[in-house]
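Participant: Take a look and give me a structure for this.
(one chain, ligands or ions: 1)
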Amino acid sequence: MQIVSRPSLNYDSRPKTAPIDMLVIHYTDMETAEEALDLLCSPASKVSSHYLISENGHIYRLVEEENRAWHAGVSFWKGRTKLNDYSIGIELANPGHRCGYKDFPQKQIDALIQLSHGIMSRHHIPPYHVVAHSDIAPDRKKDPGEKFPWKILAQHNIGFWPSKKLEVMVPHTIEVFLVQQMLSRIGYHVPMHGMYDPGTKLVIEAFQRHFCPHKVHGIIDPETYRQLVRVADEIDGQE
Ligand SMILES: [Zn+2]
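Facilitator: Prediction:
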C-alpha cells in the first residue's frame with residue numbers, strides 16, 4: 001500500500017490523557033480530490049483529516065496519526081464529546097449530497113479497507129468504534145452518506161453491522177422514548193424527552209443512513225424499528 005505525503009498544518013496535539021480509539025469516515029463534499037486536498041491543506045480553512053483517499057484509490061497522508069487533525073468538529077458518541085481528541089479521520093473523495101453524490105468506487109473502498117486495517121491494529125480500535133461523521137454530528141453532517149457500504153465493510157471487521165437474525169415484534173404504537181433510549185445505547189446524542197421532535201428526526205436519519213441506507217426519511221417505520229432493536233441489542237454486548 002503506497003501512501004503519498006501531502007502535509008497539512010491544520011492540526012495540533014492531542015490531550016495527553018486521550019487514547020486513540022475511534023475511526024471517523026467522511027466524504028469530501030467537493031468536485032475533485034485535488035480541490036479537497038487544497039482545502040484540507042490551506043491554513044485558512046482550519047480543517048484537515050489524517051488521510052484522504054481519491055476515487056481511484058490513491059491514499060494521501062495529511063496529518064500524522066499521533067496528532068489531532070481537525071475533522072470531526074462539534075461531535076458526540078457514547079457520552080464523549082470533542083472526538084478529534086480520540087479519533088483518526090479518513091476523507092473519501094466524493095462530491096457529496098451538495099454536488100452530485102456518487103457511489104464509492106471499488107478501488108476507493110479497497111484502499112479504505114487496507115488503510116483501516118492498519119490503523120485499527122496499530123491503535124487497537126474495535127470494529128464498533130468506526131463511525132460515520134453523520135453518526136457523531138447528526139444535526140450538521142450527512143457524510144459519508146447512505147451510499148457508503150457499511151455492511152460490506154463489516155464483513156472486513158470494520159464498523160458494526162448486526163449479524164444475528166433476531167426476530168423483532170413491532171408494536172402497534174412505537175414509543176418514541178424507547179426509540180430514543182435505543183439510539184442512545186448505540187452511541188447517538190439524542191433528546192430523551194419521549195417526543196418526536198426535529199432533533200430526534202435528524203438522529204433517526206443518521207441511523208438510517210448507516211443501518212437502513214435505502215430509506216432515509218427520519219420516520220420510525222417498522223423496518224427501521226426492527227433494525228434499531230437489532231443494532232442496540234447486539235452492540236450492547238460489545239462493550
Ligand atoms: Zn465529514
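Participant: Just give me the residue right at the centre of the chain.
Facilitator: residue 132 (0.8 Å; C-alpha atoms, centre = their mean).
Participant: check contacts around that residue.
Facilitator: 24, 25, 143, 144, 145, 148, 150, 206, 209, 210 (C-beta atoms under 8 Å, 6 or more residues apart in numbering). All C-beta spots, glycine's among them, are computed from the backbone N, C-alpha and C.
Participant: Restricting to these, which residues neighbour the ion?
Facilitator: Counting by C-beta under 5 Å from the ion, residue 143 from those sit close to the ion.
Participant: Name the nearest of the contacts of residue 132 relative to the ion.
Facilitator: residue 143 (4.3 Å; C-beta to the ion).
Participant: and this protein, which residues reach the ion?
Facilitator: With C-beta under 5 Å from the ion as the criterion, the chain comes near the ion at residues 26, 133, 143.
Participant: Make JSON lines out of those residues and add distance to residue 98, pLDDT and secondary structure.
Facilitator: Below are those laid out as JSON lines (distance: C-beta to C-beta, whole Å; pLDDT from 0 to 100; DSSP: H, G, I helix; E, B strand; the rest coil):
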{"residue": "26", "distance to residue 98": "14", "pLDDT": "98", "secondary structure": "strand"}
{"residue": "133", "distance to residue 98": "14", "pLDDT": "98", "secondary structure": "helix"}
{"residue": "143", "distance to residue 98": "10", "pLDDT": "98", "secondary structure": "coil"}
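Participant: got those as a markdown table, with neighbour count columns?
Facilitator: Below are these laid out as a markdown table (neighbours: other C-beta atoms under 10 Å):
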| residue | neighbour count |
| --- | --- |
| 26 | 25 |
| 133 | 26 |
| 143 | 22 |
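Participant: How about the backbone phi and psi for the residue of the chain positioned farthest from its centre?
Facilitator: Most distant from the centre of the chain: residue 172, at 31.7 Å, with distances by C-alpha atoms, centre = their mean. Dihedral pair for residue 172: phi -60, psi -50, per degrees, to the nearest 10.
Participant: Check it and give its pLDDT.
Facilitator: For residue 172, the model assigns a pLDDT of 94.
Participant: so what's it up against?
Facilitator: For residue 172, the contact set (C-beta under 8 Å, 6+ apart) is empty.
Participant: before we move on, the earlier item: relative to residue 193, which of the contacts of residue 132 is nearest.
Facilitator: Among those, residue 206 lies closest to residue 193 (C-beta to C-beta), at 18.2 Å.
Participant: Quick one: residues contacting the residue nearest to that closest one when sequence neighbours are not counted.
Facilitator: Closest residue to residue 206 apart from its sequence neighbours, by C-beta to C-beta, 6 or more residues apart in numbering: residue 138 at 3.6 Å. By C-beta under 8 Å, 6+ apart, residue 138 lies in contact with 188, 189, 202, 203, 205, 206.
Participant: Over to residue 11?
Facilitator: Shown in contact with residue 11 (C-beta under 8 Å, 6+ apart): 48, 63, 64, 67, 68, 69, 70.
Participant: all strands of the protein, in order?
Facilitator: 3-5, 11-13, 22-27, 51-53, 59-61, 67-69, 76-77, 80-81, 87-92, 130-132 (DSSP state E).
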